[in-house]
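Student: Structure, please.
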Amino acid sequence: MTTTTTGDTTVETWARRADVAQHSVDLLYGAAAPQLLHNAHPEPADDTFNYWWLAHVIDCRLDAYARTGDDAWLDAARATAANIRERNGGSLFNDYFDDMLWYALALLRLAEATPDDAERAAVEADVLALWEHVVGLGWNDTHGPSLSWRKQQPDYKNTPANGPLAILGARLARRTGDGRYLDRALATVAWLEEHLVGPDGFVEDGLGREGGTDVDTHWRFTYNQGLYIGACTELYKSTGDAAWLDKAERTALTSVRELATGGVFRREGELVDDDVPDTAGGDVGLFKGIWYRYAVVLLEERDVPAVDDLLASSVDALWAHGTVPVDDVAAADGAPATAVEALREAGVVLRPVQVGWTPRTTGLIAAVGLLLAAITVPLAVADADLPRTVQLVVTGLLALAMGTQAATARHLSVKDVTTVVVTSTITGLAADSRLAGGHGKHSGRRVAAIALICAGAAVGALLLQAHLAWGVAVSAVLTLLVAALGHTTEEAEA
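Tutor: Here you go, the predicted model:
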């Protein structure tokens, strides 16, 4: 990247920022074994084992090792790699093919950084075992030869699974000299280009998620663009064909044009409702990082000023708005002393994302309740049909209220609890059920969400039979009660 090589001062600035980011992970999320890293801050939220999050931690530790040469970062990468396997019951494998490919990609980099021959060979063996497992169980001809997303949905094909497969195949071909890996990578990208890559290079998420052949064109994620950029760049490195770099550059520029504003990427999934899991947090928190990683891989091969500029402006924005004084943040219970000392010297730490109920949540939910109460008044006093103009105003205000409520609930990001769309919840419940070979986790939440939405619809219909105002009035009371309860609970936990 040209932005990191324009002088010693610039290099030092970027290196310092990278150090702060690395140490922030440990200060905010450090945990005792076997947890290693908590899932959230300040509350640990450790009920879920996030296999693929930790795979990216390996990559980040290896980035620090490559930049500094400090063996402590290599040891940290080793520890994270071992932690994934330990917490996964001693197994390399899980149900999600994309998860396993991220682990394999990180392990391949770990092998390349490992000086000891025996240790390196063992890590490489794990990479190949993951490859064989994924291809053996996930590759099928549904919608054309390609990789499924997970074992329980063999007919659902997407970029998040096929992108990492292409990247890993191209890298393995170079490392092993075995052309079969390159053939698989080429076939995978050919499938992506036939089904999910548009004429301008924009990459869609997947097809067949709910059966059939519908493409999720409303899931406009930086993640997918980054994967295709990475796959094309790796194929260039494996074949020497500059046409692959042309494709990578086209998608990089298209994603900047379509998804960025003012030098930063916008919120992920901006065109979707809350039927997309964790659009306000969770897995989506990693998406932009994947684009940045593979944009750098592209820039190492070709200068693309618009991409370089976005990387620089994004990090500048993060530094301007995403850091706080280190003394303003409580260290995690397992934060290592080295991270605490390094960040005290730097004076800042990356600001943890505030999740859960906040004072702003109280304000927004209360505002919705008050707006609904205000709408109730003209509805209650109307003895006959409302004038057309009043109907339009009331409908618009109701839309504003419901949109604000849905957006606020989405920010709370309670896993598996939807507030508007029930179809995806039913699909997820069925696909993850034990009858379908899934884990069955969080089924209670999903069933409760479906039941409450249906009950609300039934109660609303009955109230409308009595008077138009009753449904809105009851909604107003319930909304204000939720605002009060949430605020009281948030204050008690503060």
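Student: can you give me phi and psi for residue 149?
Tutor: Backbone torsions of residue 149, given as degrees, to the nearest 10, read phi -80, psi -40.
Student: Could you pull up the contacting residues of residue 170?
Tutor: With Cβ atoms under 8 Å, 6 or more residues apart in numbering as the criterion, the residues that contact residue 170 are 181, 182, 185, 231, 234, 235, 237, 238. All C-beta spots, glycine's among them, are computed from the backbone N, C-alpha and C.
Student: what about the residue lying closest to residue 174 once chain neighbours are set aside, is that helix, strand or coil?
Tutor: By the measure of Cβ to Cβ, 6 or more residues apart in numbering, the closest residue to residue 174 outside its immediate chain neighbours is residue 238, 5.5 Å from it. Three-state secondary structure (criterion: DSSP: H, G, I helix; E, B strand; the rest coil) places residue 238 in helix.
Student: What residues does residue 238 make contact with?
Tutor: Applying Cβ under 8 Å, 6+ apart, we find residue 238 in contact with 170, 173, 174, 182, 185.
Student: coming back round to it: can I get the contacts of residue 170 in TSV including distance to residue 269 and secondary structure?
Tutor: As requested, these are arranged in TSV below (distance: Cβ to Cβ, whole Å; DSSP: H, G, I helix; E, B strand; the rest coil):
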residue	distance to residue 269	secondary structure
181	33	helix
182	33	helix
185	28	helix
231	22	helix
234	26	helix
235	28	helix
237	31	helix
238	32	helix
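Student: quick one: which of the residues you listed is nearest to residue 455?
Tutor: Proximity of these to residue 455, judged by Cβ to Cβ, is greatest for residue 231, which lies at 46.3 Å.
Student: Burial check on that closest one, number of neighbours?
Tutor: Residues contacting residue 231 under the criterion other Cβ atoms under 10 Å number 31.
Student: Then residue 293?
Tutor: The local packing of residue 293 (other Cβ under 10 Å) involves 17 other residues.
Student: I'd assumed it was in a helix, is it?
Tutor: Yes - secondary structure assignment places residue 293 in a helix (three-state DSSP).
Student: any idea whether the residue lying closest to it once chain neighbours are set aside is helix, strand or coil?
Tutor: Counting by Cβ to Cβ, 6+ apart, residue 293 lies nearest to residue 226, which is 6.8 Å off, once chain neighbours are set aside. Of the three states, residue 226 takes helix according to three-state DSSP.
Student: show me the residues around residue 226 that make contact.
Tutor: With contact set as Cβ under 8 Å, 6+ apart, residue 226 has these partners: 255, 287, 290, 291, 292, 293, 294, 295.
Student: same check, this time on residue 461
Tutor: Under the criterion of Cβ under 8 Å, 6+ apart, the contact list for residue 461 is empty.
Student: Check which helix or strand it maps to.
Tutor: helix 443-466 (DSSP states H and E).
Student: want to throw the contacts of residue 226 into a markdown table with distance to residue 56 and pLDDT?
Tutor: Shown next, in a markdown table, are the contacts of residue 226 (distance: Cβ to Cβ, whole Å; pLDDT from 0 to 100):
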| residue | distance to residue 56 | pLDDT |
| --- | --- | --- |
| 255 | 19 | 97 |
| 287 | 11 | 94 |
| 290 | 8 | 97 |
| 291 | 13 | 98 |
| 292 | 12 | 98 |
| 293 | 9 | 98 |
| 294 | 13 | 98 |
| 295 | 16 | 98 |
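Student: and which of the residues you listed is nearest residue 205?
Tutor: Distance to residue 205, by Cβ to Cβ, is smallest for residue 287 among those, at 10.8 Å.
Student: residues in contact with the host helix or strand of the closest one?
Tutor: Per DSSP H and E: residue 287 is located in helix 287-299. For helix 287-299, the external contacting residues (Cβ under 8 Å, 6+ apart) are 1, 56, 59, 167, 221-223, 225-227, 229-230, 233-234, 245, 248-249, 252, 255, 265, 268, 304, 307-308, 310-311, 314.
Student: Mind checking which of those residues are buried?
Tutor: Applying 16 or more other Cβ atoms under 10 Å to those, the neighbour count classes 56, 59, 167, 221-223, 225-227, 229-230, 233-234, 245, 248-249, 252, 255, 265, 268, 304, 307-308, 310-311, 314 as buried.
Student: low-confidence ranges in the stretch 1-150 of the chain?
Tutor: Judged against pLDDT under 70, the low-scoring parts of the stretch 1-150 of the chain cover residues 1-9, 11.
Student: can you give me the helices in it?
Tutor: Remark: helices assigned in the stretch 1-150 of the chain by DSSP state H, counting those that start in this stretch are 8-29, 51-68, 71-87, 97-113, 117-138.
Student: how about the second one: buried residues?
Tutor: Applying a neighbour-count criterion of 16+ other Cβ under 10 Å, the buried positions in helix 51-68 are 51-65.
Student: Just the residues contacting stretch 122-133, thanks.
Tutor: When contacts are defined by Cβ under 8 Å, 6+ apart, stretch 122-133 is touched by residues 81, 92-93, 100-101, 103-104, 107-108, 110-111, 114, 168, 172, 181.
Student: If we only consider those, which is nearest to residue 361?
Tutor: Out of these, the one with the shortest distance to residue 361 is residue 103. That distance is 35.4 Å, counting by Cβ to Cβ.
Student: quick one, what contacts the closest one?
Tutor: Neighbour list for residue 103: 51, 52, 55, 58, 84, 92, 130 [criterion: Cβ under 8 Å, 6+ apart].
Student: Let's see that with 10 Å instead.
Tutor: Taking Cβ atoms under 10 Å, 6 or more residues apart in numbering as the definition of contact, the neighbours of residue 103 are 51-52, 54-56, 58, 81, 84-85, 88, 92-94, 126-127, 130, 164.
Student: For the helix holding residue 461, buried residues please.
Tutor: By 16+ other Cβ under 10 Å, the buried positions in helix 443-466 come out as 443, 445, 446, 449, 453, 463.
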